[in-house]
Each structure stands twice: as C-alpha cells, then as structure tokens.
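1. Any chance you could fold what I've pasted below:
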Amino acid sequence: MTRAQPQRARLALVPGAYCRNAASRTRPSTSLLLVVSVTVSLVVPLAAASGAGATTAAGPAVTDAPGQSTPSVVLQPDGAPSVFFEGDGGSLWNYWYVNGGGVDSAEIASSGLASAPVAVLQPDGAPSVFFEGSGGSLLNYWYLPNGTWAEGQVASSGVSSAPAVTVQPNGAPSVFVEGAGGSLWNYWYVPNGTWATYEVTSRGVDSQPAVELQPNGEPTVFANVGGSLWNYWYLSGDNWGAADIFFPQGSISTPAVQLQSDGSPTVFTEGAGGSLMNYWYTPSGLWRSTQIAAAGSAASAPAVELQASGSPTVFVEGPGHSMLNYWYIPAQGTFGSGTVAGSAQAFGAPAVTTQLDGEPAVFFDGPGDAVWLYWYANGTWESSQVTSLFVSSPWGPRQVGTSVPNT
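-> Now for the predicted structure:
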C-alpha cells in the first residue's frame, strides 16, 4: 500500500459503515517479501521449508498458558503444512510435514517469545514469522533460500499483544498490534528496506487484532474494545474509518475474520458467557449478527476457514477442553455443529488450514503439552500428535514415531 509518512491517523467515525468500493475481491499472492534494514543474524539452520534435508529435533513441551501456545500454520508450496508455536522458555519451534515422507522440526529461537507466533508466506513460499518479544518489542524471523533463518526487530517497544499479519498487494507484510494504553498500531514494510509505522487509534483496544484485505487491497482490522467489537479500515492518505459493531452479546475474545464471496467481512468471536457470535456486513451497509452457539459453548477465541462453497467453518475450544466445529449450511441458512475432539483433548485456541481436497485440518495444544493435528477425511476426524512426530496424516505415512489412535 502507498501511504504518506507515518503520523497520527485521523479516524472517520462512521457507525455501521464499511469501505466496499471495488466490484470484486482482488487478493494478492499469499506471500511476502522481507529484506529489512536492521541488524540481521543467522540462526539455527533448518531444512528447506519443503522438507529437503533432515533435521531431527526433540519435541518441546508446549506452554499451556492461554493465548501463548496457540499455533500458527501456513501451507508449503506442495500443500503440506508448516506449524509454528511457542515451546519451553519462550522458544520458537517449527514443525513441517514432508509430503509423503514424514515430519521434520527445528528450534528457530531458544527464547524471547512473549506472545503466540503468527506466520505468513514470502513470495518464494518460505515462511516469515512475527511475535511480541521481550520488552514489548515486535520481532520477525524469516526463512532464507540458503536454508537458514534471519531475524529482525520491527519495533523495539510498545507492543502489548500477539500480532495480526496480512500481505500487501506488493507482496510485503503489514502488521497490526495492540500498543501501549490500548492503542492500535500498524507496521508495514516499504520497498526502501525499512518499516513504516502508524497509530490507527490511541486508546480502547484490549485484544489481539485480526486483519483481512478489502477488495481494493487495503486492510480492514477488527479488535475487541471494552467488550465491543470495533472495525478500523484504511481509506486513503492519513485516514482510517472506524465503527463500533455493537450488539448486546458483546465480544470477549480475539476476533477471527474471513471475507464473504462479495468481498465484505464476516467476523467470529467468543461472546458473553462463552457464546459463539458471528457478525457480517451486508450490501445494505449494515452489520448483522447471530449467536451460533449458546453461552457455555466457547472457551477460546475461534478460528475460521472457508469451505469449498465459500461458506465459513469455525473451530473453537468447547466445554471440558473439547474442540468443536460449526459450519454454515447455505441451503438451510443455519450452522451445523459437531465435536472434533472430546473432553480433555484441547487446551487452547485452534489454528486451521485447508487440505488439498478442501477439507479442514486443525492444530491446537492437546494432551501431554504437545501440539495435535486433527483432519477431516471420509466423514470422520482423524488425529496425530505433531510434536511427537505423527505416524499418519492427510499428507502421507510417517516413517518413524509413535502411533496415535485415530478419533
């Protein structure tokens, strides 16, 4: 995106409004380019993101602290997943599946994580990872063609949440975080090799933001503000729009957002009393809402992907540390529901991606302080323990490891 030099943003407060000035959704490449002008150090060598080479590493324990062990997953060019999560002592770990040949792993950083990591892809398909570091810093690790990881500091202080990351139409990243005093900050990479910064709003934000791109390629951001769901969207120059998407049920978690077929957003949050809420923007210029699941149904922030039909499928930790799935059925105008994993199997918010056959694959912190994978196949959910090197998955058989019964 092209913007003026960083300065305080001006908010255009337009209740219920949303910028939809393009006829069709235009998505950039699901990738980004990072060449930052900061001190760079090469860290632990890692086999190529596609799995070439073998780096065997003992699986770490995953911290059970809410909001810290939520994994982040991206798909490699061959469609197999690469998963990032916080391990012991604030370390950063990567497990990636070698299509048809097993799982590899590496510790990218031995310490320094103060939030869950968030991963996106560079233009060459290699991952780039962002997280809050020590002292409220914002850190970035990205994978290089020579088989190593580089690191850079985007911001030295002032960060108060895990980041939300999207990709600009030019392939470079744009990062949003909660800042000091409940502010909302945007850091975006510019072609001259530096990071620009902008304060979107100075107060009120109290959650990790979520971000998607408008059809015009500019960001639209959602965050919890005192139990209300707010939307901030970029207009032009120094201007951001802002609206309070207010409904009595409230919002108490980090939101999850996807775009509808017309390019407008649909947002999911844990609501008051552990309900699961959906808010979506309509062509009439208004926001609508529905309660997908009643109070007591949700115990984490949700994760959402789109089905092959373009309708959302939503995952959330449920009662008794279960993992639940809700999916929209267009013909009925309602959500279906089902259990992915039973009681005492899920201990945090999930991350979800889509298999090559269009079915979902879900990662989350499970028993044994380990990251678990559940994937949908032939009408049932199957599972494997990722951080113990799983035996089977939708990407082929594991060569070595401990078998985990399918659910």
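2. confidence score at the nearest residue to Tyr187 once chain neighbours are set aside?
-> Excluding its sequence neighbours, the residue lying closest to Tyr187 (Cβ to Cβ, 6 or more residues apart in numbering) is Val175, at 4.6 Å. Backbone N, C-alpha and C define where each C-beta goes, glycine included. pLDDT recorded at Val175 is 98.
3. now swap in Gln68 and tell me
-> Reading off the model, Gln68 has pLDDT 40.
4. one step back: spit out the contact partners of the residue nearest to Tyr187.
-> Contacts for Val175 (Cβ atoms under 8 Å, 6 or more residues apart in numbering) come out as Phe130, Leu138, Val154, Pro163, Ala164, Val165, Asn186, Tyr187, Trp188.
5. could you redo the residues you listed as TSV and give each row pLDDT, neighbour count and secondary structure?
-> TSV is the format used below for those (pLDDT from 0 to 100; neighbours: other Cβ atoms under 10 Å; DSSP: H, G, I helix; E, B strand; the rest coil):
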residue	pLDDT	neighbour count	secondary structure
Phe130	98	25	strand
Leu138	98	25	strand
Val154	98	23	strand
Pro163	98	27	coil
Ala164	98	25	strand
Val165	98	21	strand
Asn186	98	26	strand
Tyr187	98	22	strand
Trp188	96	21	strand
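6. ok, so of those residues, who is nearest Tyr198?
-> Nearest to Tyr198 among those, counting by Cβ to Cβ, is Asn186 at 4.6 Å.
7. Number of residues surrounding the spatially closest residue to that closest one that is not a sequence neighbour?
-> Excluding its sequence neighbours, the residue lying closest to Asn186 (Cβ to Cβ, 6+ apart) is Tyr198, at 4.6 Å. Residues lying near Tyr198 (other Cβ atoms under 10 Å) number 21.
8. Assign a three-state SS to Tyr198, would you?
-> Secondary structure for Tyr198, judged by DSSP: H, G, I helix; E, B strand; the rest coil, is strand.
9. pLDDT at it, what is it?
-> At Tyr198, pLDDT is 95.
10. How about the one 5 residues further on?
-> Per-residue confidence for Arg203 comes out at a pLDDT of 88.
11. how would you label it: helix, strand or coil?
-> coil.
12. From Trp240, how far off is the residue nearest to Asn186?
-> Per Cβ to Cβ, to the nearest Å, Tyr198 is found 9 Å from Trp240.
13. And Tyr141, by the same measure?
-> 29 Å.
14. Please name the bridge partners of the nearest residue to Ser264 once chain neighbours are set aside.
-> Sequence neighbours aside, Tyr281 is the residue nearest to Ser264 in space, at 4.1 Å (criterion: Cβ to Cβ, 6+ apart). Tyr281 has these beta-bridge partners by DSSP bridges: Trp287.
15. Tell me, how many residues neighbour Tyr281?
-> Tyr281 - counted by other Cβ under 10 Å - has 25 other residues nearby.
16. again, but for Ala180
-> Neighbour count of Ala180, defined by other Cβ under 10 Å: 13.
17. Cool, thanks, signing off.
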